[in-house]
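Novice: using only what follows, build the 3D model:
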Amino acid sequence: MKFIALIFLMSLTFTSYGQVTKTISANTKKEPLLFLDSTRIDKNQLYFDPDKIADINVVKEDGKIYIKSKNPKDYNFLTLKGIEKTYAKAVSGSTLFIIDNKILKDDISTYKIDSTYILSVEVLKSTEIEYLKNRLPLLTIINIKLRTKENIDKANEIRLRGTRYSLPNNLNK
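Specialist: Residues are numbered from 1 along each chain as shown. Modelled structure (predicted):
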């Protein structure tokens, strides 16, 4: 009888403690899925002009954001390798990409930039930089500036050394 009672208690213990339920924390944040003109995109790796957006639809239940552009044919997305082939002829060795002063550390094959959203592309060889000349002689640095308000404002700045001059009042009319 003791043996049957022991088996009963053990089976009761296994069934009550053996079932582990997984609880999902309310603080768990899931990144929403983004779609540009019905094509899935990664928010950190696609650059385009926000002025070309016609509508944004957020579906909370599904965790999806749908972005509709004014004219989908206006986009001409380039990969970073495509930009490298266009702007940096005959690259040998490694390439370091910088977009708006941020060094890209992820897989560069996933990045795409709308060609009309590029303000400027600067290509530097490591041999032009004293510190890198002997350390990384085959490195090419491609610095891409996007057509953001801040970058356009910086590109339009005029800096003069010396005395500060102001325009006469009759020229300001």
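
Novice: other residues contacting stretch 60-79?
Specialist: 30-38, 46, 48, 52-59, 86, 109, 111-116 (C-beta atoms under 8 Å, 6 or more residues apart in numbering). Every residue, glycine included, has its C-beta placed from N, CA and C.

Novice: which ones among those residues are found in strands?
Specialist: Among the contacts of stretch 60-79, the members found in strands (DSSP state E) are 33-36, 46, 53-59, 112-114.

Novice: so where do the strands sit in the protein?
Specialist: Along the chain, the segments classed as strands by DSSP E run 33-36, 39-41, 46-47, 53-59, 64-69, 77-79, 95-99, 102-103, 112-114, 118-125, 140-146.

Novice: show me which positions of the fifth one end up buried.
Specialist: Under the neighbour-count criterion of 16 or more other C-beta atoms under 10 Å, strand 64-69 has Ile65, Tyr66, Ile67, Ser69 buried.

Novice: hey, C-alpha coordinates of it in PDB?
Specialist: Output in PDB follows, covering the C-alpha atoms of strand 64-69 (Å, rounded to 0.1, in the frame of the first residue of the first chain):
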ATOM      1  CA  LYS A  64       3.200  46.000 -40.100                       C
ATOM      2  CA  ILE A  65       3.800  49.500 -41.600                       C
ATOM      3  CA  TYR A  66       2.800  50.000 -45.200                       C
ATOM      4  CA  ILE A  67       4.400  53.000 -47.000                       C
ATOM      5  CA  LYS A  68       3.000  54.000 -50.300                       C
ATOM      6  CA  SER A  69       5.000  56.300 -52.500                       C
END
